[in-house]
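**Student:** Task: produce atomic coordinates for the following.
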Amino acid sequence: MKYDFGIRMDLGKGIGSGHFFRCLAVAEELQKNGKEVIFLTNNEHEIKNHLQKNKIPYVILKQKLEIDKLTQCKFELKNIKNLIIDLPFDNEMYSKQFRNTCTTFIIDDLGRKKCFSDVLFNGSIVPDFHSYEIDPKLTKTFIGSKYMILRKEYLKERSNIKIPAAPIKKILMTFGGSDSNNLSKKLLQNFFDTDYEISLILGPSYKFTKNIFEISKNHKNFKIYNFTNNLSKLLPSQDLVLSSGGITSYELACLGIPCIFFPTEVFEDKTVSSFTKNGFGLNYGFWDNDPDKIMKEILFLNDYHKRQKMFQSGRKIVDGKGLFRITKNILKYSEK
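**Tutor:** Numbers count the residues shown, from 1 in each chain. Got it, this is the predicted structure:
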């Protein structure tokens, strides 16, 4: 079968599930415009059902070395006209190899310095991640949070969000696909003797699921969700979210949900610091197991006016329309 677009992305080893879901959102929009799309990825386990549901074919790259994966991609995509690349650590390699054979689009949010694609999208809020070594005559750039790709559900849910005047009662916690630092358990333990209603979302690659469910048995105020891609449906009912600093931070900003960030990587810390400088969220910083500090920040946000201001600031930063802006430009600059 002949495909209009290939999408090359991976999961795992520091690459969260948000990368897949934003690529899936783009693929769905391309399908609506009559385009045939194929995924090339290293991980079938977490994405198979989503791709099959959307009738999107895929190729699993099982090679260990990236250069060998690249070789298979060249074979699989020998007649492809357009390639979308979302590989935080290997964008440069793929864009350089495919640029002369098809139109290449890079989705990046870490500001990898060298870029050889025809079109570059970077939806990061972090100014440090906006600097590239590119030839503007050869690469068109679309940079800034207005280009952050979020699934359409977040734009739909914006009208359902209201900040209650009552003190914080419902708290949701989510720390990405794998939560490699096990913040889920570490933070959950801080709410054993409280009256807060806690909802915890475990990612698909989280390794301590059984342990968390055991812990929660004795606490009626705990609800544990074993991964859900319906986060947008759960958020409107929450007063506060505790989250790491990945793509979820942009989803929270789009909705304006008050939040406390717990970054686990340097790039996440830069992201959430940029959000807080613009009035959205509190940055707890890297984990130091200080229960008093956590409760102090929650009490700080009990102030309705502070949460309302945070709500307004987040929604100004991320309007939820980045998906449509990017899809429009992909179609505009793609090979027909």
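
**Student:** how much space is there between the closest residue to residue 223 other than its chain neighbours and residue 189?
**Tutor:** Spatial nearest neighbour of residue 223, excluding adjacent residues (CB to CB, 6 or more residues apart in numbering): residue 199 at 4.6 Å. All C-beta spots, glycine's among them, are computed from the backbone N, C-alpha and C. To residue 189, residue 199 is 16 Å away according to CB to CB, to the nearest Å.

**Student:** neighbour count winner among these two?
**Tutor:** Shown here are residue 199 and residue 189; by other CB atoms under 10 Å, residue 199 has more neighbours (19 against 11).

**Student:** in what helix or strand does that one lie?
**Tutor:** Residue 199 is part of strand 197-202, with elements assigned from DSSP states H and E.

**Student:** Can you list the strands that that strand pairs with?
**Tutor:** Counting by DSSP bridges, the strands paired with strand 197-202 are strand 170-174 (parallel), strand 222-226 (parallel).

**Student:** contact partners of the first one?
**Tutor:** With CB atoms under 8 Å, 6 or more residues apart in numbering as the test, strand 170-174 has contacts from 183-184, 187-188, 191, 196-201, 203, 231, 234-235, 237-244, 248, 298.

**Student:** Could you do stretch 308-318 as well?
**Tutor:** 125, 145, 148, 150, 158, 161, 163, 250, 252-259, 275, 278-281, 301.

**Student:** in the lengthiest helix in the chain, what's buried?
**Tutor:** Criterion DSSP state H: the longest helix present in the chain is helix 17-32. Neighbour-count burial for helix 17-32, with 16 or more other CB atoms under 10 Å as criterion, is recorded at 17-31.

**Student:** Buried only: go through the contacts of strand 170-174 for me.
**Tutor:** For the contacts of strand 170-174, buried by 16+ other CB under 10 Å: 183-184, 187-188, 191, 196-201, 203, 231, 234-235, 238-244, 248, 298.

**Student:** can you tell me which of these are in strands?
**Tutor:** 197, 198, 199, 200, 201, 240, 241, 242, 243 (DSSP state E).

**Student:** Can you tell me which of the residues you listed lies closest to residue 55?
**Tutor:** Closest approach to residue 55 among those (CB to CB): residue 201, at 27.1 Å.

**Student:** any idea how far the nearest residue to residue 242 once chain neighbours are set aside is from residue 152?
**Tutor:** Once flanking residues are discounted, residue 242 sits nearest to residue 173: 4.5 Å by CB to CB, 6+ apart. Separation of residue 173 from residue 152 (CB to CB): 25 Å.

**Student:** So which of those two has more stuff around it?
**Tutor:** residue 173 (24 against 15).

**Student:** so the more buried one bridges to which residues?
**Tutor:** For residue 173, the beta-bridge partners are residue 200, residue 242 (DSSP bridges).

**Student:** thinking again about what came up before, how near is the residue nearest to residue 242 to residue 302?
**Tutor:** Taking CB to CB, one finds residue 173 at 18 Å from residue 302.

**Student:** now swap in residue 234 and tell me
**Tutor:** Residue 234 is 21 Å from residue 302, by CB to CB.

**Student:** again, but for residue 166
**Tutor:** Counting by CB to CB - residue 166 and residue 302 are separated by 9 Å.

**Student:** pLDDT weak spots in the stretch 201-336 of the chain?
**Tutor:** 229 (pLDDT under 70).

**Student:** That one: strands as residue ranges?
**Tutor:** Under the criterion DSSP state E, counting those that start in this stretch, the stretch 201-336 of the chain carries strands at the ranges 222-226, 240-243, 259-261, 282-283.

**Student:** Any chance of JSON lines for those, columns distance to residue 326?
**Tutor:** Formatted as JSON lines, the strands of the stretch 201-336 of the chain follow (distance: least, CB to CB, whole Å):
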{"stretch": "strand 222-226", "distance to residue 326": "29"}
{"stretch": "strand 240-243", "distance to residue 326": "23"}
{"stretch": "strand 259-261", "distance to residue 326": "25"}
{"stretch": "strand 282-283", "distance to residue 326": "28"}
